[in-house]
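Student: build me a model from this:
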Amino acid sequence: ALFHSVYGTEGFQGLTMPLADRDRLRTLIGERAEHIAYLNCVMDRASFDQAVLHLMKWDAESAFAIRSRPEVGNTEIKLTKQQLRDLMLVHFADWAQQVAEYSFWNYRRVAYARIASSLGGTCAEVYAATMSGEPPDAPKEVPEMVRARQLGIFDKVQSGEVTYEELLDHTKTI
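Tutor: Residues are numbered from 1 along each chain as shown. Down below sits the predicted model:
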């Protein structure tokens, strides 16, 4: 999961590698790993959540689909069951590593519970253990680019009109 956000994600747009450099990364980490990293970076999370629901309801062997975010084309991306499960695992591992440190307790809580339940085993155990550590007064934080969308300044951050540092500075009014 080291390269899970290498191209930037719906929630993170810090230091990223341009999508034009996919071939370079593919050479470094392999085709399967790069493809899953790419999917994690470009996916629209709502469409991903729908694909997870589809898997949970039908557990089909057929193709699944997610959409890329509007700023990267808003296109449908077909996935096999294995690709969806790989993507779920990378996405879940990213959440598990960040939830407590950044107080993302309430960000997509139901979606992460579904992913953990669907993956089962260690992921279900990690989810239960992680969520049992939620402080009763936990702040309701969200990833920075989600915050930019909520504030209506996503395009300004993307264009550089509002810097990433300004977005991360919660003391400033943007």
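
Student: shaky segments in the protein?
Tutor: 1, 15, 59-61, 145, 170-174 (pLDDT under 70).

Student: let me see the ranges of the helices in it.
Tutor: 22-29, 31-42, 45-58, 81-102, 109-119, 121-132, 144-151, 154-159, 164-168 (DSSP state H).

Student: tell me the most buried of those helices?
Tutor: Ranked by average neighbour count under the criterion mean count of other C-beta atoms under 10 Å, the helices of the chain are headed by helix 31-42 at a mean of 19. Heads up, the C-betas are built off the backbone N, CA and C, glycines and all.

Student: okay, the angle between it and helix 81-102?
Tutor: Helix 31-42 and helix 81-102 meet at an angle of 50 degrees, taking axes from the mean of the first three to the mean of the last three C-alpha atoms, to 10 degrees as the criterion.

Student: mind giving me the packing neighbours of helix 31-42?
Tutor: Packing partners of helix 31-42 (3 or more C-beta pairs under 8 Å, 6 or more residues apart in numbering; DSSP states H and E): helix 22-29, strand 76-79, helix 81-102.

Student: how far out from the middle of the chain is it?
Tutor: Relative to its chain's centre, helix 31-42 lies at 11 Å (C-alpha atoms, centre = their mean, to the nearest Å).

Student: between helix 22-29 and that helix, find me the angle.
Tutor: Going by the same axes, to 10 degrees, helix 31-42 makes 130 degrees with helix 22-29.

Student: quick one: helix 31-42 to helix 45-58, angle?
Tutor: Going by the same axes, to 10 degrees, helix 31-42 makes 120 degrees with helix 45-58.

Student: outside of helix 31-42, which residues touch it?
Tutor: Residues from elsewhere that reach helix 31-42, judged by C-beta atoms under 8 Å, 6 or more residues apart in numbering: 3-9, 19, 22, 25-26, 29, 66, 68-69, 72-73, 77, 79, 83, 86-87, 90-91, 94.
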